[in-house]
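# sequence first, predicted coordinates after that:
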Amino acid sequence: MTDIPKGYIKKKSVTVPFGYELSNIQGYLAPISSQLEELNKTLHSIYNKEASLREGAMLLSEKTGRKISHVSLKTYLDKDLWLIFPEEYVTDDNGEFVLTKSGKPKKKSGRPKNKPGAKKRYNYSKTHQRKLALARKQKELKKAEQRVQNKKERLKKEKELLKKVTAPPKSKQSRVVSEEELQTTTDSLQEAIKDSKVIFHPNEGPQTDFLAASEKDVLYGGAAGGGKSYAMLVDPLRYAHKKAHRALILRRSMPELREMIDKSRELYPLAFPGAKFREVEKLWNFPSGAKVEFGFLERDADVYRYQGQAYSWIGFDEITHLPTEFSWNYLASRLRTTDSDIQTYLRCTANPGGVGSHWVKKRYIDPHEHNKSFKGKDGLTRKFIPAKLADNPYLAEDGIYEQMLNSLPPTQRRQLLEGNWDVSEGAAFTEFDPNVHIITPFEIPIGWERTKGIDYGYASESCCLWGTLDINDGTLIIYRELYRKGLTGQDLGTIITEKELEDPFSVPGVLDTAAWSKTGTTGPTVGESLVRAGHKLRRADKNRIQGKIQIHEYLKVRESGRPKLQVFNSCPNLIRELQSIPLSKTNPDDVDPHASEHAYDALRYMIMSRPRVLNPFQRIRDLKREMYAPSDTTFGY
């Protein structure tokens, strides 16, 4: 037994040194022979440089089950430490130790530092060095195995590509090589594939960008001859080797669809030998079980033919032929797949112009920079990829097609040759000039007469326009608009009331006669709901031909240089419709009834109500009459 050293007394607790334990006799330590024996063995191995301090401490802790650090282990060394760790002591230029006053070598101050540029070295034992060497060899072996695996995969891909390219026409092997597959192979194989008989290779630029786009909803549009329709036929083939893939290609009418079907007959059997076309269903069946269906949408109601169907790819060629985005939004709800390896896509192409040009421009072109991905209000990622004739070398090279486009009328030439979306084909109101008819809002004098026109719709937009008459020359100024769908009669009345709080009095006006119709119901109509809400309304004159003529009259510029109709620039929907609404194909004296015309109809109703400037005194008399009108006409009070 031995006394407990004073340095080990710590307040109420005692730190017992390694190899000892507290004795039953207070104030004494009892040795643990097994621990001391292992300690001596470890110290001998350190003396003989068979193990480092860290290795010795780790092995001693494992053998005895009692933890000891390499710093604590170092305190047990009873030989001259400078003989075991000479690098920790100061030496002179001759390599001799520098001695202290006690005659022992002087230890270096601070932590030992490595030489500049030298790696940190540890005093590992020979056994541990062998372990490190083995670990390095295993790491090198894994890298070599990975390189071999990568070469095997690359070789497998090259074999599959060669198999596709060299497959005979009558075989059932897919012969479609994607741009991504082509880019991942060697340069020599790329050249070999390009030199072979290629069925289809995308033109560099927009056509390649369209086929490689990762966004959910993409429009490839612009000038005629950009290779849009052919790209629309090729894009659905990206998953034609998957059984769960089902694609739908649409046009507006069956005759337009026939041209695409004829092109698919040339392409699909060569790309996928064994593919069969079923004429009645207008459906391609591929050897994998994948399907590509052709359809058309002459009316919005035709979209319900696809109710309950599921498609992993939906495309519409010349989407500006759709008058509204209702059909396209409905088809987006049919986009789904059960195969997690298949990505779902919406794809469409278009030339500027057409009855649906306004909503296509609003959905794809106006929100963001061209060729840049963006997220729409519905959460779908979108992109607009513009195309021009120069992007198709097969049509642009000889200049004949360009010469034909140059011979078109100015509006069509700018649309089809330049890909300009800011001009409208067959616009009904060509005299509408933004520089003349659009003005900056100003505060309307309280004495000016005001009126409003309302076109009601629930599934489609309801539009209410407020107008005022300039007391000086009778110019009708549209100063406010409401343009919103999904409103009931009560909702519409509440919103109109809130907006008219800015006006000095309730504004009288006219309402679409359909809103007063009681066909099939005995309840209150929309017109009655608006009247109950306090709005002074009467039935509108719906003569379409005369209404259009009157709008032409109001758009004329008078001798004073001012037209009879002007619009605040805070009314974007009315401005858009007056700029883009096309003429009817069956009646040139009317606008296209399938186009977006809600603001146009509200304006037509307002103008057909014959608004006029009233004498100020007459207006005061009318206000007094309204203010003091008796509640009971019989008794007069």
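Now that the structure is in, tell me what you want to look at. Being a predicted model, the structure only gives us computed values, none of them experimental. Residues are numbered from 1 along each chain as shown.

# low pLDDT regions in the chain?
1-14, 78-85, 110-123, 161-203, 222-226, 388-426, 519-521, 614-637 (pLDDT under 70).

# in it, where's the longest helix?
Longest helix in the chain, counting residues (DSSP state H): helix 126-166.

# which residue is nearest the centroid of this structure?
Against the mean C-alpha coordinate of the chain, by Cα atoms, centre = their mean, the closest residue is residue 381 at 1.7 Å.

# which residues does that residue bridge with?
residue 375 (DSSP bridges).

# would you mind measuring from residue 211 to residue 235?
Distance, residue 211 to residue 235, by Cβ to Cβ, to the nearest Å: 6 Å. The C-beta positions use only the backbone N, C-alpha and C, and glycine is treated the same way.

# oh sorry, the question was meant for residue 324
Taking Cβ to Cβ, one finds residue 324 at 25 Å from residue 235.

# what is the burial count for the closest residue to residue 36 other than its chain neighbours?
Ranked by Cβ to Cβ, 6 or more residues apart in numbering and with sequence neighbours excluded, the top spatial neighbour of residue 36 is residue 19, at 4.2 Å. Look at residue 19: counted by other Cβ atoms under 10 Å, it has 20 neighbours.

# same check, this time on the one 4 residues further on
One way to gauge burial is a neighbour count; for residue 23, by other Cβ under 10 Å, it gives 14.

# could I get the full set of strands for the stretch 451-600 of the chain?
461-469, 476-485, 509-511, 537-539, 565-568 (DSSP state E, counting those that start in this stretch).

# out of these, nearest to residue 273?
strand 476-485 (49.5 Å; Cβ to Cβ).

# may I have the closest one as CSV, with CA atoms only?
What follows is strand 476-485, C-alpha atoms only, in CSV (Å, rounded to 0.1, in the frame of the first residue of the first chain):
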residue,chain,number,x,y,z
LEU,A,476,-66.7,59.1,-73.8
ILE,A,477,-63.8,58.2,-71.5
ILE,A,478,-63.7,54.7,-70.0
TYR,A,479,-62.1,55.2,-66.6
ARG,A,480,-62.5,51.9,-64.7
GLU,A,481,-63.0,48.2,-65.5
LEU,A,482,-63.9,45.1,-63.5
TYR,A,483,-63.0,41.8,-65.3
ARG,A,484,-63.4,38.6,-63.2
LYS,A,485,-65.0,35.2,-63.5
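
# more crowded one of residue 324 and residue 235?
A count of neighbours by other Cβ under 10 Å puts residue 235 above the other of residue 324 and residue 235, at 21 against 16.

# give me the distance between that one and residue 327.
Residue 235 is 20 Å from residue 327, by Cβ to Cβ.

# and residue 280, by the same measure?
To residue 327, residue 280 is 24 Å away according to Cβ to Cβ.

# these two - which one has more neighbours?
residue 327 (23 against 5).

# and stretch 550-569, how far apart are its ends?
By Cα to Cα, to the nearest Å, the extent of stretch 550-569 from end to end equals 22 Å.

# which positions within it qualify as buried?
Neighbour counts over stretch 550-569 (16 or more other Cβ atoms under 10 Å) mark 550-551, 554-555, 562-568 as buried.

# what's the closest of these to residue 428?
Residue 428 lies nearest to residue 551 out of the buried residues of stretch 550-569, by Cβ to Cβ, at 8.7 Å.

# wait, the closest one sits on residue 603?
Yes. Residue 551 is within contact range of residue 603, at 6.7 Å (criterion: Cβ atoms under 8 Å).

# for residue 246, give me phi and psi.
Backbone geometry at residue 246, expressed as degrees, to the nearest 10, gives phi -140, psi 120.

# dump the residue contacts of the residue lying closest to residue 335 once chain neighbours are set aside.
Nearest residue to residue 335, sequence neighbours excluded (Cβ to Cβ, 6+ apart): residue 344, at 4.8 Å. Contacts for residue 344 (Cβ atoms under 8 Å, 6 or more residues apart in numbering) come out as 216, 311-313, 335-337.

# as JSON lines, those with neighbour count would be great.
Below are those laid out as JSON lines (neighbours: other Cβ atoms under 10 Å):
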{"residue": "216", "neighbour count": "21"}
{"residue": "311", "neighbour count": "23"}
{"residue": "312", "neighbour count": "23"}
{"residue": "313", "neighbour count": "25"}
{"residue": "335", "neighbour count": "18"}
{"residue": "336", "neighbour count": "10"}
{"residue": "337", "neighbour count": "18"}
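
# and of those, the nearest to residue 528?
Nearest to residue 528 among those: residue 335, at 41.9 Å, using Cβ to Cβ.

# surely that closest one meets residue 312?
Yes. Using Cβ under 8 Å, residue 335 makes contact with residue 312 at a distance of 7.3 Å.

# mutual contacts of the two, please.
Common neighbours of residue 335 and residue 312, counting by Cβ under 8 Å, 6+ apart, are 344-345.

# what's the neighbour count on residue 575?
As a burial measure, residue 575 scores 20 neighbours (other Cβ under 10 Å).

# could you list every helix and strand in contact with the one helix or strand residue 248 maps to?
Taking DSSP states H and E as the criterion, residue 248 maps to strand 246-251. Judged by 3 or more Cβ pairs under 8 Å, 6 or more residues apart in numbering; DSSP states H and E, the packing partners of strand 246-251 are helix 254-271, strand 291-296, strand 313-317.

# how about these in TSV, adding distance to residue 503?
Listed next are the helices and strands packed on strand 246-251 as TSV, based on distance: least, Cβ to Cβ, whole Å:
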stretch	distance to residue 503
helix 254-271	49
strand 291-296	48
strand 313-317	44
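
# does the residue nearest to the centre of the chain touch residue 215 like I think?
Yes. Residue 381 lies in contact with residue 215 (Cβ under 8 Å); the separation is 4.3 Å.

# shared neighbours of these two, anything?
With Cβ under 8 Å, 6+ apart, residue 381 and residue 215 have common neighbours residue 373.

# check contacts around residue 302.
Taking Cβ under 8 Å, 6+ apart as the test, what residue 302 contacts is 296, 327.

# for my notes, confirm it occurs in a helix.
Yes. Membership of residue 302 in a helix is supported by DSSP: H, G, I helix; E, B strand; the rest coil.

# how near is it to residue 456?
26 Å.

# how many residues are close by residue 58?
17.

# quickly find the element holding it.
Using DSSP H and E, the element containing residue 58 is helix 53-64.

# list the helices and strands the helix or strand that that helix is followed by packs on?
Under the assignment DSSP H and E, the closest C-terminal helix or strand after helix 53-64 is helix 70-74. Under the contact criterion of 3+ Cβ pairs under 8 Å, 6+ apart, helix 70-74 touches helix 33-47, helix 53-64.

# run the last query once more with 7 Å
Contact here means 3 or more Cβ pairs under 7 Å, 6 or more residues apart in numbering; DSSP states H and E; on that basis helix 70-74 packs against helix 53-64.

# for the helix it packs on, which positions count as buried?
For helix 53-64, a neighbour-count test (16+ other Cβ under 10 Å) marks 53, 55-58, 60, 64 as buried.

# angle of that helix against helix 126-166?
With axes from the mean of the first three to the mean of the last three Cα atoms, to 10 degrees applied, the angle from helix 53-64 to helix 126-166 works out at 100 degrees.

# same for helix 53-64, what does it pack against?
So helix 53-64, by 3+ Cβ pairs under 7 Å, 6+ apart, packs with helix 33-47, helix 70-74.

# again, only using 10 Å
helix 33-47, helix 70-74, helix 126-166 (3 or more Cβ pairs under 10 Å, 6 or more residues apart in numbering; DSSP states H and E).

# report the buried residues of the second one.
In this case it means helix 70-74. So helix 70-74, judged by 16+ other Cβ under 10 Å, has buried residues 73-74.

# neighbouring contacts of that helix?
Under the contact criterion Cβ atoms under 10 Å, 6 or more residues apart in numbering, helix 70-74 has outside partners 17-18, 39, 42-43, 46, 52-58, 60-61, 81, 84-85.

# with that, I have no additional questions.
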